[in-house]
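Peer 1: coordinates only, sequence not included:
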Ligand code: E4P
């Protein structure tokens, strides 16, 4: 399973990338706005830091706007992936862009049908939003499992990015469901390697070691 960082904050990206854990990055207009810097500058900086795919989202809603923005954004770096919202115009844009060799990530996927349409249109990635589904009482993890089954049955090469991850069970459930990628916010990433029993174990080992050292004197 690959791990993407779901943030536009370059310091957060550098810190976790230094651990060798970042296979890519996803951003969205909300995350970009938090940085309060020009869009292009943020994306170019991230693309320099991370060699894997970096998603940058279009904001136009018409087919023409999406395609034009996508071509511009895709030219900023070789590893840019253009994030396109799941609409009729979005599907048409994905179809055009895939024929031009521009990689796309279709975002805001909430049903199997949406994922299937995006894959069929030529999406490189699809992003089911687990957390936002759970917020309305639906089952985000079930959607990931169902999408995985459908992608496998029909042999699509489109990769599933489990997105809108809010906690560790979302991540572990996505791994078990066979998501190709999980995109994880910086605040959740440390939970992937930490556990209170690990910390307690280190403390007790060190305490015993110090006792043993003082007894040796
Ligand atoms: C990822 O591509 C999405 O932009 C992100 O995971 C959305 O997460 P949220 O629902 O926590 O805003």
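Peer 2: Cool, the structure landed. Everything numeric here is computed off the predicted structure, so don't read it as measured data.
Peer 1: what about residue 206, neighbour count?
Peer 2: Neighbour count for residue 206, taken as other CB atoms under 10 Å: 10. For every residue, glycine as well, the C-beta is placed using N, CA and C.
Peer 1: and it, that's in a helix?
Peer 2: Yes - Residue 206 sits within a helix when classified using DSSP: H, G, I helix; E, B strand; the rest coil.
Peer 1: ok, it to residue 198 distance?
Peer 2: Applying CB to CB, to the nearest Å, the value for residue 206 to residue 198 is 13 Å.
Peer 1: repeat for residue 2
Peer 2: Distance from residue 2 to residue 198, by CB to CB: 24 Å.
Peer 1: which of these two has more neighbours?
Peer 2: Per other CB under 10 Å, whichever of residue 2 and residue 198 has more neighbours is residue 2, with 16 against 10.
Peer 1: show me the contacts for that one.
Peer 2: With contacts defined as CB atoms under 8 Å, 6 or more residues apart in numbering, residue 2 is in contact with 23, 24, 52, 180, 181, 182.
Peer 1: how does it look with 7 Å?
Peer 2: 23, 24, 180, 181 (CB atoms under 7 Å, 6 or more residues apart in numbering).
Peer 1: what kind of secondary structure is the residue nearest the centre of the chain in?
Peer 2: Closest residue to the average C-alpha location of the chain: residue 183 at 2.6 Å, with CA atoms, centre = their mean. Judged by three-state DSSP, the three-state class of residue 183 is strand.
Peer 1: can you give me the helices for this protein?
Peer 2: 10-17, 29-35, 39-49, 63-74, 88-99, 112-121, 130-135, 140-154, 168-177, 196-216 (DSSP state H).
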